[in-house]
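1. just need the structure, nothing else, for what follows:
(2 chains)
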There are 2 protein chains.
Amino acid sequence: MNRMSFRPALLCLALLGLNANAALTPEQTATLDKLHQHVSQHTQSYSLVESLTTEVGHRMAGSEGDRKAVAWAMDMMQGLGFDKVWKEPFEVHPWTRGDLSIQISGPYPHTLEGLALGGSVGTDGNTLNAEVVYFPDFAALKDARPGSLDGKIAYVGFRMSRHKDGHGYGEAVGARGAGASVAAEKGAIAFVLRSVGTDNNRHGHTGMMRYQDGVARIPAVAISNPDADLLENQLKRGQPVQLSLNVGAKRHDDQSVTSYNVMGEITGSEFPEQIIALGAHLDSWDVGTGAVDDGLGVGMTISAAHQVASFTGRPKRTIRVILFGAEEVGLLGARAYVAAHKDELANHQMGFEWDFGNGNIYQMTPGVGPMALAHIQDFADYLAKLGISLSARNDAKGQSDMSALGYSGVPAVNFAPDGSDYFDWHHTPNDTLDKVDPEALKFNTSVFSLFTWFAANHPFDFRQ
Amino acid sequence: MNRMSFRPALLCLALLGLNANAALTPEQTATLDKLHQHVSQHTQSYSLVESLTTEVGHRMAGSEGDRKAVAWAMDMMQGLGFDKVWKEPFEVHPWTRGDLSIQISGPYPHTLEGLALGGSVGTDGNTLNAEVVYFPDFAALKDARPGSLDGKIAYVGFRMSRHKDGHGYGEAVGARGAGASVAAEKGAIAFVLRSVGTDNNRHGHTGMMRYQDGVARIPAVAISNPDADLLENQLKRGQPVQLSLNVGAKRHDDQSVTSYNVMGEITGSEFPEQIIALGAHLDSWDVGTGAVDDGLGVGMTISAAHQVASFTGRPKRTIRVILFGAEEVGLLGARAYVAAHKDELANHQMGFEWDFGNGNIYQMTPGVGPMALAHIQDFADYLAKLGISLSARNDAKGQSDMSALGYSGVPAVNFAPDGSDYFDWHHTPNDTLDKVDPEALKFNTSVFSLFTWFAANHPFDFRQ
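-> Here you go, the predicted structure:
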């Protein structure tokens, strides 16, 4: 998919005289209106999130919760009458969090709140005690002289900023992923990070980290924003600050556990081989109940697919809900899906995912062929009535898991919500059902059902 | 002090022809203006809170932090040049929190977040496992039939409501204080409470509870609001729900530890025996750093007293800062102060305290004699320029500790802030420096300094 922008593409189509009368018909509009009226008042997606978070709870890849969640998803879609429900295996190396104990041991002792980063090694029952060296951001850590951190604990204090589109995450997350190995290269014995999050609660934000080959593996821990403030206030006093650290985390690289993607399908009546794929990830981190990340997406995709079928009848194309496993630990389920379905990917007409929280959808960004753009514009003209704009870009690849399909050539649409508060709860014990806005969830489920109906019943080629 | 309302009192004074020309003089107004301009731009009170929370941290009565806080307060007031700084001892029975482990063990297992209530017994290393019986509020628990909770865990799910004046606390806190003994009377083996707090973070709200004599002492635990929601969602399914509980808390009723009230004085030039008392409590719970409860009050009172003396010169009356110990565990310091100063209380002309958080002061409520009301009105006319109204009541007894003086006959003034968010952080690990609004703190410190100057330099009798 090239990165042609939307307006030149439309201009191009207009010059070619294509799709000049492509507005939705009154019948199409009437169906969308009825579907919206129905779904936007329906609590099914909330009930699904409530059920998943209450009866399963957290479900980290390879854990007992993961196994329960797979069974829950199979049962749920079978119970709702999906034509076909199945799971596809892949392997994960388990990681266990254990307990974490982290203190400022001097000059002013305090017990801190934090979480080990996913994938981190532990301290094997030992307590490390060492001086902290402060870096304002990841670039400063990278610039540290080799050997300058020998026997020290590296601390990066960069604070993520809050934005509607969540772009502060990209600015902050690099240190989470690679900081431990960079610190170890300079001699550090542990890596501590100000949590990648926008809140000020006493909760660490976990998330995946990776070790670089050939570099010592040191423990990696995120402390809460208030604790990071406290640590920095001690550092500002100019005396050496010591941290002590006992990390119970364990990698189990020699073990392999089977996890699954779970699929549910409503078979198309005219073009059953053509797939409209709605995605979300079924796994979560192990510290909350994964309500926002990504119980919401699980509820929205199951409910949107089910309601389109039950309210508007069997679609022309096949609607496939894909609940990916092991997203949090590196899109393992998505990669497994692409590998397992490589011969079928050309039949995936469209992929779209929900993995960005709670806010009302306000924008749609397509990633489709130039001819298909006019159809997207027609649909977008309808969405405009709901306050949703069409992005001028045409380069969407799909959110999180679905991007593995998008970069493999599957057309995509991204729906953008207001994500201002998403990183308050993301990857923390605070990701629980009470954070779900039932009204926004109804609205967003409706938007997903509208697009599902449109894409599944109007068999133009999204690649063209 | 009778509960005469303000307006009849003023009317009465007007009829008597008293204080008809009692408005502040231009000189008084000019001094207040300059003092306000100075203090409302000064960061001293914030620096004090930062220092206390960073260098001492939490400081539960009888703990190591308590001892550090007493030393900190002595050092700080001596360093600021108070004329006299001293401490007065009293005894506390220590209580230690230990670790808490609480899980829903079935039907859908979850690990919950909570905190033991202050004063609770523990489970002596054992794990209790029993069925939960739900009560929507304390009244429903009281109505339970004796014996109906034999071997069960009583759970009260009442949710505190959010209000500017914090009155939701009074509606909710009864169950915290007395719920365990009421539950034990009906046969319960443990008492679990939805936290008395307005937030939705995964933090329990601790706070003091008390056992009734002659009733079995059972463990008392508050779970976080999101965990309370989860528990209730399981209960709604109609199957028996089991909780398992291991509470490491310990009462040490056979031990006694010395704690202290810390006083700092600026001696009056004309009426040194007459005391204007500014209060706050120095202790905190052991789970945050006690920034809002009540580091704020410590910073405000020290700074207001210091700035009045340094900016306007020695006052006519004595200004006394009283940093009470052991407020959280039952106003022990305040009671000790009243007992130790009973012969001097008649010389306490005025007492006012800060122990209600972060919001801008919007109202002043006096508790003074009918003649003094006219002077309060004069001062209130000045405060009106700052957006602060005068309550129609005249029955203030002083916030928290100071009420022990108020009910012993010391005139009082209460300053009311917007407390809407106070019970989000109150008694939780989240009570940390980042919750302090530096601008509101400057403003409130200025209001305290204005009233301190007014009361200390205008020796009318607040009792008359």
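
2. let me see the ranges of the strands in the stretch 251-400 of chain A.
-> For the stretch 251-400 of chain A, the strands defined by DSSP state E, counting those that start in this stretch occupy A:257-266, A:271-281, A:317-324, A:348-353, A:361-367, A:389-390.

3. which strands or helices does the first one pack on?
-> In other words, strand A:257-266. Counting contacts by 3 or more C-beta pairs under 8 Å, 6 or more residues apart in numbering or on different chains; DSSP states H and E, strand A:257-266 packs against helix A:64-79, strand A:84-92, helix A:296-312, strand A:317-324, helix A:332-340. (C-beta placed from N, C-alpha, C; glycine too.)

4. note down every partner strand of that strand and its orientation.
-> Here the strand partners of strand A:257-266, with direction, are listed using DSSP bridges: strand A:84-92 (antiparallel), strand A:317-324 (antiparallel).

5. which of these sits most buried?
-> Each of those was scored by mean neighbour count; the highest is strand A:317-324, a mean of 27, by mean count of other C-beta atoms under 10 Å in any protein chain shown.

6. grab the most central residue of chain A for me.
-> The structure's chain A has its C-alpha centroid closest to residue A:355; by C-alpha atoms, centre = their mean the separation is 4.2 Å.

7. so which residues on the stretch 51-200 of chain A come close to chain B?
-> Within the stretch 51-200 of chain A, the positions adjacent to chain B are A:53-57, A:108-110, A:113, A:200 by C-beta under 8 Å from any C-beta of the partner chain.

8. okay, buried residues for the longest helix seen in chain A please.
-> Ranked by residue count, the top helix of chain A under DSSP state H comes out as helix A:438-457. Residues of helix A:438-457 classed as buried by neighbour count (16 or more other C-beta atoms under 10 Å in any protein chain shown): A:440-457.

9. what about that helix, distance to the chain center?
-> Computed by C-alpha atoms, centre = their mean, to the nearest Å, the separation of helix A:438-457 from the middle of its chain amounts to 19 Å.

10. one more: stretch A:76-92?
-> 20 Å.

11. just stretch A:126-135 next, same as before
-> Offset of stretch A:126-135 from its chain centre (C-alpha atoms, centre = their mean): 32 Å.

12. avg pLDDT for it?
-> What stretch A:126-135 shows for mean pLDDT is 98.

13. ok, residues contacting that stretch?
-> A:101, A:105, A:141, A:144, A:148-149, A:151-157, A:188-190, A:192, A:219, A:231-232, A:235, A:240-246 (C-beta atoms under 8 Å, 6 or more residues apart in numbering or on different chains).

14. next: stretch A:89-100.
-> With contact meaning C-beta under 8 Å, 6+ apart, stretch A:89-100 is reached by A:60-63, A:114-116, A:118-119, A:122, A:206, A:221, A:246-253, A:255-261, A:286-287, A:325-326, A:329, A:332-333, A:335-336.

15. before we move on, what about stretch A:154-163?
-> By C-beta under 8 Å, 6+ apart, the surrounding residues in contact with stretch A:154-163 are A:132-138, A:140-141, A:144, A:168-169, A:171-172, A:175, A:179, A:183, A:186, A:188, A:190-194, A:196-198, A:225, A:228, A:231-232, A:243, A:419-420, A:423.

16. and stretch A:337-352, by the same measure?
-> Residues from elsewhere that reach stretch A:337-352 (C-beta under 8 Å, 6+ apart): A:88, A:261, A:273-279, A:317, A:322, A:324, A:368, A:398-399, A:401-402, A:404-406, A:408-415, A:448, A:451, A:455, A:459, A:461-463.

17. ok so, going back, give me the PyMOL select line for the contacts of stretch A:89-100, limited to the buried ones.
-> Selecting the buried subset of these in PyMOL, with 16+ other C-beta under 10 Å as the burial test, is done by:
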select buried, chain A and resi 60+61+62+63+114+115+116+118+119+122+206+221+246+247+248+249+250+251+259+260+261+286+287+325+326+329+332+333+336
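
18. okay, now the unreliable bits of chain A?
-> Along chain A, segments meeting pLDDT under 70 span A:1-22.

19. might you report the residue contacts of the residue sitting furthest away from the middle of chain A?
-> Centroid-distance maximum for chain A: residue A:239 at 40.7 Å, with C-alpha atoms, centre = their mean. The contact partners of residue A:239, by C-beta under 8 Å, 6+ apart, come to residue A:107.

20. now swap in residue A:38 and tell me
-> Contacts of residue A:38 were listed using C-beta under 8 Å, 6+ apart, and they are A:307, A:311.

21. quick one: which helix or strand includes it?
-> helix A:26-39 (DSSP states H and E).

22. C-alpha coordinates for the next helix or strand after that helix, PDB please?
-> Where DSSP H and E defines the elements, the next helix or strand beyond helix A:26-39 is helix A:44-51. The C-alpha coordinates for helix A:44-51 follow below in PDB (Å, rounded to 0.1, in the frame of the first residue of the first chain):
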ATOM      1  CA  GLN A  44     -24.100  -6.700  24.800                       C
ATOM      2  CA  SER A  45     -20.500  -5.500  24.300                       C
ATOM      3  CA  TYR A  46     -20.400  -4.200  27.900                       C
ATOM      4  CA  SER A  47     -21.800  -7.500  29.200                       C
ATOM      5  CA  LEU A  48     -19.000  -9.400  27.300                       C
ATOM      6  CA  VAL A  49     -16.300  -7.200  28.900                       C
ATOM      7  CA  GLU A  50     -18.000  -7.700  32.300                       C
ATOM      8  CA  SER A  51     -18.100 -11.400  31.800                       C
END
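
23. for helix A:44-51, which outside residues touch it?
-> Helix A:44-51 is contacted from outside by A:72, A:76, A:291, A:295-296, A:298-300, A:302-304, A:306-307, A:433, A:436, A:438, A:441-442, A:445, B:233, using C-beta under 8 Å, 6+ apart.

24. backbone phi and psi for the nearest residue to residue A:267 once chain neighbours are set aside, please?
-> Spatially, and ignoring its direct neighbours in sequence, residue A:267 is nearest to residue A:83 (4.5 Å; C-beta to C-beta, 6 or more residues apart in numbering or on different chains). Residue A:83 adopts backbone torsions of phi -70, psi -30, taken as degrees, to the nearest 10.

25. of the residues of the stretch 51-200 of chain A next to chain B - the most surrounded one?
-> Among these, residue A:53 has the most neighbours (other C-beta atoms under 10 Å in any protein chain shown), with 31 neighbours.

26. domains of chain A?
-> For chain A, the structural domains run A:6-94+A:255-457, A:95-250, going by automatic domain parsing.

27. relative to residue B:269, which of those domains is closest?
-> Distance to residue B:269, taken as C-beta to C-beta, is lowest for domain A:95-250 among the domains of chain A, at 37.6 Å.
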